[in-house]
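# quick one: sequence and predicted model below, then my questions.
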Amino acid sequence: MSLPLPNNPLAPSVLPKLSATKDDQSLRHYSDEIVTSHIYTKHREDNRIKIDVDNYIALVESIITTADRITETVAQGTEGRLIFSDEFLNVNAVDPPLCTLHHVSSQLSCKAPGIETAHETTLEILDILVSYPWEAKAVLTLTAFATEYGDIWHLNHYSLLDPLAKSLAMIKRVPLLKKQLDSIKYRQLLLTPNSLIYSCLKAMKYISILKNFSKYDIKELSELSSVLRQIPLVAYWIIHIIVASRIEISSYLNETEGQSQKYMNELSEKINSILYTLENHLKIIKEQQDEIDLYRWLVDHIDNFPTEITAVVPKLIEGKFDAKPFIDGSTKLQVSVEDGLRDKNVILVISGLDISEDDIRALHSIYNEVKREDKYKIVWIPVITVETEDEEEEARKKYEYASSLMKWYIVPYTRKIAGWRYLEENWQLRQDPLIVVMNSKSRVEFNNAIHLIRVWGIDAIPFTNGRTNALLAKNWPESTLFKFIDQPRLMNWVNQERNIIFYGGKEPKWIQQFEDRIVEIKNDPYLKEKGNTFEIIRVGQNIKGDSNDFTLTPQFWLTQWGYFVIKSQLKGSSATETTEDILRLISYENENGWAIVAVGSTPLLVGRGNLIMGVLQDFNKWKRNMNIKAFPDAFRDYFNELNLNFHICERMTLPGFSGWIPMIVNCPECPRFMETGISFKCNHGRYELS
């Protein structure tokens with residue numbers, strides 16, 4: 001059900017004639033589009049006169065349920081004085097617009113049966129209530145109906161003892177109505193919980209609940225704007241059904257022909273469809289409301305007023321305090337959140353099911369280190385996104401495999417993380433794993449330690465800014481290159497501050513050309529005469545000199561990125577000399593070759609393969625410079641000269657790292673900021689992490 005708006009609903013228009021023969025009367029002639037065009041010809045949302053809808057709903061419900069208790073005793077042949085509990089009397093006072101209600105009641109009375117009559121009467125009632133909001137139009141019509149209906153059975157209830165009530169009941173022709181109590185059509189109108197009038201009452205309650213959600217930001221409750229646009233249409237059908245029901249009751253009182261059974265059945269289908277739609281809207285909105293409330297709670301208790309970690313973690317995972325127990329990966333036994341995390345610092349590992357084994361191995365090193373003093377607990381929170389049964393089965397297999405590799409606490413398989421919005425918006429969870437270190441009071445000590453762990457491993461403990469600054473004080477090749485080098489003499493060369501060229505690339509031909517040219521240069525008599533020796537180290541090559549171990553390559557580049565992101569986070573988004581160098585190296589990930597010229601672990605230049613090869617090919621042009629310069633300085637000066645002639649600025653794509661990433665980056669080849677772009681990818685409302 002939807003509510004399309006006419007292009008100009010206030011402009012005069014020729015409306016289609018809504019008529020049908022008696023044999024062909026059907027609600028199919030009253031589509032939502034046609035009804036909408038009629039009601040919007042004269043009616044828009046109007047809040048000039050406001051009423052307390054909730055109190056009117058409670059009053060109407062009290063009248064109808066009380067009257068129906070009387071009818072039940074009549075139907076059972078046990079008429080007598082009923083004793084009502086206090087709950088029937090617990091209704092707040094209302095100040096009804098009496099004349100307006102009388103006017104509506106007069107429209108409900110003594111109408112001929114039929115769909116078209118009900119429709120025209122509904123429009124007339126809307127004219128009477130034009131100054132009221134849509135939900136008020138419906139509830140006042142329901143109040144007018146309940147007033148007449150309650151009056152009839154109230155008179156019957158007192159007619160045995162009260163002559164006045166007996167006389168008035170006779171005028172109201174209550175005895176004729178009593179004959180219908182057991183009929184299917186009467187029970188279709190009233191008495192049963194799923195009857196037309198009770199369904200209208202339920203729809204009114206739903207509308208009231210939905211209107212109360214208006215206190216939330218419409219941008220946060222995305223479903224709300226859709227359902228609010230449907231309220232006028234729902235109000236029309238509630239009034240239409242009340243009119244049809246009142247006509248049916250009048251037919252009982254007058255012993256005339258009533259509504260056709262086909263029409264009554266269609267009205268039942270219509271109100272059931274409306275209720276189904278409203279219930280679905282309510283379900284979605286309540287879920288969105290719960291998400292908003294949880295998000296605000298997490299912001300308050302993590303960002304603003306940190307509280308016990310044993311309260312925050314369950315709320316983050318399941319949205320409640322009594323979360324399911326963790327699985328202890330080392331014992332496969334269950335551990336309660338309270339027992340497992342009380343008074344502990346917590347390392348939350350939040351990832352999809354494709355978390356790499358490299359990252360898991362790195363976490364094992366952290367786990368083995370922190371378990372000695374038992375001050376930290378690691379918790380894996382799997383983010384699982386599945387849509388089909390096949391995906392579900394595959395996800396469970398991936399979950400079982402990943403969890404089998406872990407010795408720390410594991411959150412049981414779940415398809416929904418309650419605090420997803422907080423993870424995305426505040427911790428900026430993306431495709432890459434997110435590792436957040438929190439103290440026992442849920443204060444975040446480090447908001448994404450995955451990069452610390454990838455770059456420094458156990459040396460990153462205790463994951464503080466102070467510790468990170470100390471690690472960053474080292475030259476970046478020592479942190480990011482050395483772990484990918486299998487050369488036993490490396491540290492001796494570094495300590496001796498030997499000249500070193502680190503090199504690598506994805507093209508074996510370039511590697512071979514580089515190495516061949518290096519051999520020629522090292523054998524050059526002039527170089528030997530000057531004693532300007534240097535060493536070369538191929539990154540990723542093992543000690544036997546075998547070809548690249550390509551399993552190292554992805555982790556190698558992740559390590560470089562990790563260092564860059566950490567440096568940018570702590571030192572600001574603008575590039576320093578260090579971040580320029582490593583950013584330049586990162587930009588060469590898909591180059592045929594690259595090289596880093598360093599003295600010990602101090603880098604002097606980082607260059608792409610074609611320029612490096614150009615410097616080596618032109619060795620005879622610049623080797624004489626070593627009369628006054630050391631080898632690395634002469635190399636760098638000639639490299640810079642070539643770079644001016646063949647300058648190419650870099651481009652790169654920042655991976656989908658979780659956590660803060662720099663939005664402003666200097667080009668490593670020139671002082672200008674790099675241009676940024678925007679790309680869009682749909683993953684059904686969330687990042688695909690499983």
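Perfect, thanks for sending it.
# can you give the domain ranges for this protein?
Using the TED database, the domain ranges for the chain come out as 32-292, 306-472, 498-674.
# would you turn those domains into TSV with mean pLDDT and distance to Pro488?
All C-beta spots, glycine's among them, are computed from the backbone N, C-alpha and C. Formatted as TSV, those follow (pLDDT from 0 to 100; distance: least, CB to CB, whole Å):
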stretch	mean pLDDT	distance to Pro488
domain 32-292	82	56
domain 306-472	92	20
domain 498-674	78	7
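# for the ones you listed, which one sits closest to Phe482?
With CB to CB as the measure, domain 498-674 is the member of the domains of the chain nearest Phe482 (7.8 Å).
# can you give me how far that closest one is from the chain middle?
From the chain centre to the centre of domain 498-674 is a distance of 42 Å (CA atoms, centre = their mean, to the nearest Å).
# one more: stretch 419-427?
Per CA atoms, centre = their mean, the centroid offset for stretch 419-427 relative to its chain is 8 Å.
# what separates the residue nearest to Glu357 when sequence neighbours are not counted from Asp358, distance-wise?
Nearest non-adjacent residue to Glu357, counting by CB to CB, 6 or more residues apart in numbering: Leu405, 6.9 Å away. From Leu405 across to Asp358, the span is 11 Å (CB to CB, to the nearest Å).
# any residues touching the helix or strand harbouring Gly614, and which ones?
Assigned by DSSP states H and E, Gly614 belongs to helix 609-617. Helix 609-617 is touched from outside by 503, 505, 507, 510, 513-514, 517-518, 521, 588, 591-595, 607, 622, 635, 638-639, 642-643, 646, with contacts defined as CB atoms under 8 Å, 6 or more residues apart in numbering.
# still on that earlier bit, any idea how far the residue nearest to Glu357 is from Ile51?
Using CB to CB, Leu405 is found at 63 Å from Ile51.
# out of these two, which sits in the more crowded spot?
Taking other CB atoms under 10 Å, Leu405 and Ile51 do not tie; Ile51 has more neighbours (18 against 13).
# and the closest residue in space to that one that isn't next to it in sequence, what does it touch?
Spatially, and ignoring its direct neighbours in sequence, Ile51 is nearest to Ala136 (5.1 Å; CB to CB, 6+ apart). Contact partners of Ala136, counting by CB under 8 Å, 6+ apart, are 49-51, 53, 129.
# secondary structure added to those, as JSON lines?
Putting the contacts of Ala136 into JSON lines (DSSP: H, G, I helix; E, B strand; the rest coil) gives the following:
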{"residue": "Ile49", "secondary structure": "coil"}
{"residue": "Lys50", "secondary structure": "coil"}
{"residue": "Ile51", "secondary structure": "coil"}
{"residue": "Val53", "secondary structure": "helix"}
{"residue": "Leu129", "secondary structure": "coil"}
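# which of those residues tops the neighbour count?
Using other CB under 10 Å as the neighbour criterion, Leu129 leads the contacts of Ala136 with 25 neighbours.
# would you mind measuring from the residue lying closest to that residue once chain neighbours are set aside to Ser250?
Distances taken as CB to CB, 6+ apart place Lys137 nearest to Leu129, at 4.2 Å, with adjacent residues excluded. To Ser250, Lys137 is 22 Å away according to CB to CB.
# Tyr409 now?
69 Å.
# between the two, tell me which one has more neighbours.
Under the criterion of other CB under 10 Å, the comparison of Tyr409 against Ser250 puts Tyr409 first, with 25 against 20.
# which non-adjacent residue is nearest the more buried one?
In space, Tyr409 is closest to Phe326, 4.1 Å off (CB to CB, 6+ apart).
# excluding chain neighbours, what is closest to the residue nearest to the spatial centre of the chain?
The centroid of the chain falls nearest to Arg421 when counting by CA atoms, centre = their mean (4.9 Å). With CB to CB, 6+ apart as the criterion, Arg421 has its nearest non-adjacent residue at 4.9 Å, and that residue is Tyr295.
# if I read this right, the one you found contacts Leu423, doesn't it?
No: the criterion here is CB atoms under 8 Å, and Tyr295 misses it with Leu423 at 10.1 Å.
# between the two, which has more neighbouring residues?
Set side by side, Tyr295 and Leu423 show more neighbours around Leu423, with 24 against 18, by other CB under 10 Å.
# quick one: that one is in a strand?
No: Leu423 is assigned helix when assessed by three-state DSSP, not a strand.
# that one and Gly329: what is the separation?
22 Å.
# quick check: closest non-adjacent residue to Ile128.
Using CB to CB, 6+ apart, the nearest residue to Ile128 is His103, at 5.2 Å.
# circling back to that earlier point, any idea how far Asn368 is from the residue nearest to Arg421?
According to CB to CB, Tyr295 stands 36 Å off from Asn368.
# how about Ser336?
According to CB to CB, Ser336 stands 24 Å off from Asn368.
# the more surrounded of those two?
A side-by-side neighbour count of Ser336 and Asn368, using other CB under 10 Å, places Ser336 first with 15 against 11.
# how about Tyr216, phi and psi?
Dihedral angles of Tyr216 (phi, psi; degrees, to the nearest 10) stand at phi -80, psi 160.
# what about it, how many residues close to it?
When neighbours are counted by other CB under 10 Å, Tyr216 comes out with 15.
# check contacts around it.
Going by CB under 8 Å, 6+ apart, Tyr216 touches 224, 289, 292.
# identify the residue nearest Ile271 in space, chain neighbours excluded?
Ser199 (4.4 Å).
# wait, what's in contact with the one you found?
Per CB under 8 Å, 6+ apart, neighbours of Ser199: 241, 268, 271-272, 275.
# wait, is it part of a strand?
No: assigned with three-state DSSP, Ser199 falls outside any strand and is helix.
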